[in-house]
Each structure stands twice: as C-alpha cells, then as structure tokens.
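> What follows is a predicted protein model with its sequence.
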Amino acid sequence: MIGEVTVKSFATHRVLASLLFLAVAACSGGGSGGPAGPNQSGSRLTAAIDGAPWVSNLGAELSGVPIAVPGVYSISGIQSNGYIMVIGLFNISGPGTYPLGVGPLVAGGFGQVSNATGGWVTPQSGEAGSITITTLTASHMAGTFNFVAAALTGTATGTRTITNGTFDLEVKPQGTIGPLPANAGSRLSATIGGTNFNAAAAIGQLVNIGTPLISITGNNDARSLTISLTGVTTPGTYPLTSSPANRSISVSNNVNTFSNIWSSSGQGGSGSVTITAITASRIQGTFTATLAPAPGTSTTGTLTVANGVFDMGRTN
C-alpha cells in the first residue's frame, strides 16, 4: 500500500532513538565541540517524578542542549544518585506545544527516565505527554513538560509519571545548523469512536503516476488510519466514494486486525475530506466519516470519525 507506515514496538523504537540522543548529548560540549562550559546563569532542568522533586545537577544545565540536525534536540539531565532523564525532540520549528510519545516523522518527541535498576519510556500512543517550548533561539531554549513513561528495561515495572517539568537551557549548536525543511514533521489527529487519536507516525504522499493519488497514513500503538484519494490534485471538498473515483478512509485496531477494520467503502459508509492546501512540501486538510465494517472482514458495528485534521510533510 502506498504511504503505509509501520509503528514498531515502542520498545525497539525508543531504544534506538534513546541511543541516538544519548550519543549526541555525549559530544555536546561547547559550540566547537570542546569541553562543556560553565553553568549558565539561571540554567535549570527540574521536574517531579511520581510526585518527588527531581533536579538535574550533572546534565544539560551544565553542558547545554546539543543540536546537530535542524529541528532535532536532546535535553538530558542527571540527578546525583538518582534518575537520569532524557527528552528527545524531532522536527521542532519554534515555540509551541508538541506531543511526547511520537516518532521522528512527527513534530514532537519522547521522554525517558532511568535509574540503576531499569528504564521507563513514553509509549508510541501519540499522547503520552507534551512539551511546551516558550523560547527557542539559536542559543536559548525554555519551557515546560510532562509525560507518563512505561517500563522498558531492566527490572522496571509499572509507570513513572513526570509532572511540573521546567527547563531554561543554553542551546549548543554542533557546527552550522541550517533551517528545518518545509516538509519536516507531520500531524494526523481525529476523534475515533469518541476517543482521541493522535498519530505517533504519519506520512503523506501525492503520487502522479497514471491517476494522481493522495495517500495519508498514520498510526499509534492502538490504531491505524488511512486516507486514500484518487484523482485529487487541488484544494476542495471530496466526498468519499468508490465510483467514479476511489476515495476512502479506513481505520483498524492494532490487535485482532481482521475483525477490527472499518472503511467508508463498507455498506453504509460515508464522509468527506477537505483539502485546504497542496504545495510542493505539504498537504493540509480536514475530514469526517462514518465507517462501516470493511468488506470481507468479520468486523461488526459502525465507527464515527470526527474532528479529523492533517498537516503532512510530503515525502515525494
């Protein structure tokens, strides 16, 4: 399927992502790659872990936040004889509120805490927490955060809840950092069956081989959503139909998939997609639908999709 996205187990994904960010952080000395400079006046990284105060005294507040790739930041902190905390961010273009519990195709990132016995990381739910960046310049980053992390490594069990997170840190560029590409980072969200859906991974394409096809796909650790629109190349509102053009929305659960697939192509399905903008770098719009059991499956009942919004960086 064109535009298909696969969300791997959050454990595998987060281990790889965490290693990446820890490697970047390890070389995050001065802007020229030298040793870490002195603590900047007012620099801080604090939070509460399961209600207990946590303050970094060996991490980013001393060495700064490294950036080696546009829009990619690593905030890492260590409390002596306590927890290590890492927040990895992708596709960050400026101040704003971004989800935690997403992968590198989405604007947002992940949170992780660990101690001597194990580690906890945000699952790929698309909404395991959030970070609000109030200040972001070439040399300064500040804001707040919160997240819930699930057991991942060692003897870790249960979850760790991080609240009241604050940071006010120096940014340390590693070389010359260019602008964030216009197609970097995507967003796909909706209310599905009355439950919020935020994609942890999402991809958008407009393929012009033969009949033009817009393909938008996103998923998290619970559900997958796909929008397929043939013959669409300009903004407008397009009803979901199977004839004369194949235009559909489908949703599946990521457990017992064959009995949990709904589609606008099923009997009684309906809806529409409004494309508000198509550029060389992005596809943006909204959608609503009533989905019926997909043909050929054992799915039962209908599923309502409301408040759908997408802002996709084009990959083609």
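The structure has been received and is ready for your questions.
> My guess is Pro70 contacts Asn183. True?
No. Under the criterion of Cβ atoms under 8 Å, Pro70 is not in contact with Asn183, lying 12.0 Å apart. The way it works is simple: take the backbone N, C-alpha and C, and place the C-beta from them, glycine included.
> Compare neighbour counts for the two and give me the winner.
Asn183 (18 against 14; other Cβ atoms under 10 Å).
> Most remote residue from the middle of the protein, which is it?
Using Cα atoms, centre = their mean, the residue of the chain lying farthest from its centre is Pro244. It sits 35.2 Å away.
> Wait, a strand at that residue?
No. According to DSSP: H, G, I helix; E, B strand; the rest coil, Pro244 belongs to no strand; its state is coil.
> got any ranges where the stretch 1-150 of the chain has weak pLDDT?
Scanning the stretch 1-150 of the chain for pLDDT under 70 picks out 1-41.
> phi, psi of Ala47?
Dihedral pair for Ala47: phi -170, psi 180, per degrees, to the nearest 10.
> Could you do Asp50 as well?
Torsion angles, degrees, to the nearest 10, at Asp50: phi 50, psi 40.
> burial measure for it, as a count.
Here the number of neighbours of Asp50 (other Cβ under 10 Å) works out to 12.
> go on, Gly51?
8.
> again, but for the one 3 residues further on
Per other Cβ under 10 Å, the neighbour tally for Trp54 reads 19.
> just checking, what packs against whichever strand or helix holds it?
Taking DSSP states H and E as the criterion, Trp54 maps to strand 52-55. Secondary-structure packing of strand 52-55 (3 or more Cβ pairs under 8 Å, 6 or more residues apart in numbering; DSSP states H and E): strand 44-49.
> Please point out which parts of the strand it packs on sit buried.
Residues of strand 44-49 classed as buried by neighbour count (16 or more other Cβ atoms under 10 Å): Arg44, Leu45, Thr46, Ala47, Ile49.
> cool, and stretch 259-269?
Those would be Asn260, Ile261, Trp262, Ser263, Ser264, Ser265, Gly266, Gly269, for stretch 259-269 by 16+ other Cβ under 10 Å.
> what residues does it touch?
Residues from elsewhere that reach stretch 259-269 (Cβ atoms under 8 Å, 6 or more residues apart in numbering): 240, 242, 248-253, 270-271, 289-295, 297-299, 302-303.
> Let me see the mean pLDDT of that stretch.
Mean pLDDT, stretch 259-269: 93.
> For Ser186, name its beta-bridge partners.
For Ser186, the beta-bridge partners are Val106 (DSSP bridges).
> Do I have it right that it meets Ala200?
No. Assessed by Cβ under 8 Å, Ser186 is found out of contact with Ala200, at 10.8 Å.
> what touches both of the two?
Contacts common to Ser186 and Ala200, judged by Cβ under 8 Å, 6+ apart, are Val106, Gly218.
> Many thanks, have a good one.
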